[in-house]
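>>> Next comes the sequence, and after it the predicted model I'd like to discuss.
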Amino acid sequence: MFDLIKAIIIGIIEGLTEFLPVSSTGHIILAEALMKIPSGNVWTKAFSSVFDYSIQLGAIFAVIQLYFDKLNPFSSKKTDHEKFQTWRLWIRVIVGVLPAIVFGFALNDFMDAHLMNFWVVSATLIIYGIAFIVIENRQKSIVPVITNVNQITFKLALYIGLFQVLSIVPGTSRSGATILGAIILGASRFVAAEFSFFLSIPVMFGVTFLKMGSFFRDGGSFTGMQSIVMLVGFIVSWIVAWFAIKFMMNYIKNNDFKVFGYYRIIIGAIFLVFGILGIVGE
């Protein structure tokens, strides 16, 4: 039963933090350290690693559910022009994920082996927290030139994708990096957040299948309990992410991202303290 409670807790954390610019990885690392994961017969090191990535698909399904009509080029409700615009959006998304594919495949194992520790996570939480505050203060006097996702050019999509590469470093936040990049490049907060959501779909599917493939290739398999734990985490992540996305998109209509910046700094500081006290280890 306690294993299911752990899955629910991590699923909630994933759903809440995947699309908010606060780093789901950092929060999950901290939560798992407090719950002594990996440990036991269910939460082995190999299973825990696959679980953390796989439940991200639950959060991605929330994006697909919420934006299905907007992302569906075959919708009978759309005109031919609207269908064409949807195909162009998908092509821009593909262009935007190319840097993540190139650099992600090349650096993923290195990052997991050398940078997945509390020092790096706490530092990136704080650094990008400061960045959000600085950039939002700068944006006060700047009017966004891109107020609709269809205004994003292929060149701009590629540049935003380059910012997404920064999230390979644990604690950065994939959504945080892409949102910051899009805002710096002239997008409104709403457009930056939306395009960040769309970029996450192919990226997270790719990362999950990569991790799953490596797990099974190395002879891994799930026990019955591990399969149940995985399913529970997936469903919880999906449900919570749905509400988190709705909250974020309503929040940024009238507010900036500085609150997330302050939150990141606080969590980063807590992470450092926990590391120094030995609550979070290497």
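Received the coordinates, thanks. Keep in mind that what you see is a predicted model, and the values were worked out from it rather than measured. Numbering: from 1, shown residues only.
>>> Can you pull out the low-pLDDT segments for this protein?
Low-confidence regions of the chain, defined by pLDDT under 70, span residues 108-109, 112-114, 280-282.
>>> quick one, helices of the stretch 51-200 of the chain?
Using DSSP state H, counting those that start in this stretch, the helices of the stretch 51-200 of the chain run over residues 56-66, 68-71, 80-114, 118-139, 154-165, 174-184, 189-217.
>>> now the ones you listed in CSV, with mean neighbour count and distance to residue 33?
For glycine as for every other residue, the C-beta is placed from the backbone atoms N, C-alpha and C. Shown next, in CSV, are those (neighbours: other Cβ atoms under 10 Å; distance: least, Cβ to Cβ, whole Å):
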stretch, mean neighbour count, distance to residue 33
helix 56-66, 21, 19
helix 68-71, 13, 36
helix 80-114, 15, 16
helix 118-139, 20, 8
helix 154-165, 20, 26
helix 174-184, 26, 21
helix 189-217, 19, 20
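>>> which stretch among those helices comes nearest residue 239?
The closest of these to residue 239 is helix 56-66. By Cβ to Cβ, the value is 7.7 Å.
>>> on contacts alone, who are the packing partners of the closest one?
helix 2-17, helix 189-217, helix 224-251 (3 or more Cβ pairs under 8 Å, 6 or more residues apart in numbering; DSSP states H and E).
>>> rewinding a little: of all the helices of the stretch 51-200 of the chain, which one comes closest to residue 19?
Nearest to residue 19 among these is helix 174-184 (5.2 Å), distances taken as Cβ to Cβ.
>>> Quick one: distance of that closest one to the chain centre.
Averaging C-alpha positions (Cα atoms, centre = their mean, to the nearest Å) puts helix 174-184 11 Å from its chain's average.
>>> Could I get the CA-only coordinates of it as PDB?
C-alpha atoms of helix 174-184 as PDB (Å, rounded to 0.1, in the frame of the first residue of the first chain):
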ATOM      1  CA  ARG A 174      12.000  22.300 -19.800                       C
ATOM      2  CA  SER A 175       9.000  24.600 -19.800                       C
ATOM      3  CA  GLY A 176      10.900  27.200 -17.900                       C
ATOM      4  CA  ALA A 177      13.800  27.300 -20.500                       C
ATOM      5  CA  THR A 178      11.400  27.400 -23.500                       C
ATOM      6  CA  ILE A 179       9.100  30.000 -21.900                       C
ATOM      7  CA  LEU A 180      12.100  32.300 -21.000                       C
ATOM      8  CA  GLY A 181      13.500  31.800 -24.500                       C
ATOM      9  CA  ALA A 182      10.200  32.600 -26.200                       C
ATOM     10  CA  ILE A 183       9.700  35.700 -24.100                       C
ATOM     11  CA  ILE A 184      13.200  37.000 -24.800                       C
END
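>>> ok, residues contacting that helix?
18-23, 128, 131-132, 135, 139, 144, 146, 159-167, 189, 191-193, 195-197, 199-200, 203, 257, 260, 264 (Cβ atoms under 8 Å, 6 or more residues apart in numbering).
>>> Could you rerun that using 7 Å?
Helix 174-184 is contacted from outside by 19-21, 23, 128, 131-132, 135, 139, 159-160, 163-164, 166-167, 189, 191-193, 195-196, 199-200, using Cβ atoms under 7 Å, 6 or more residues apart in numbering.
>>> any idea how far residue 273 is from residue 243?
To residue 243, residue 273 is 30 Å away according to Cβ to Cβ, to the nearest Å.
>>> Report how many residues lie close to residue 49.
By other Cβ atoms under 10 Å, the residues close to residue 49 number 17.
>>> ok so it is a helix residue?
Yes - Residue 49 sits within a helix when classified using DSSP: H, G, I helix; E, B strand; the rest coil.
>>> any idea what sits nearest it, other than its immediate chain neighbours?
residue 211 (6.9 Å; Cβ to Cβ, 6 or more residues apart in numbering).
>>> Secondary structure class of residue 256, three-state.
Classified using three-state DSSP, residue 256 is coil.
>>> Going forward, the N-terminal residue is numbered 33.
All set: I'll call the first residue 33, so the last point we hit is now residue 288.
>>> Span of stretch 201-209 from start to end?
Separation of the first and last residues of stretch 201-209 by Cα to Cα, to the nearest Å is 11 Å.
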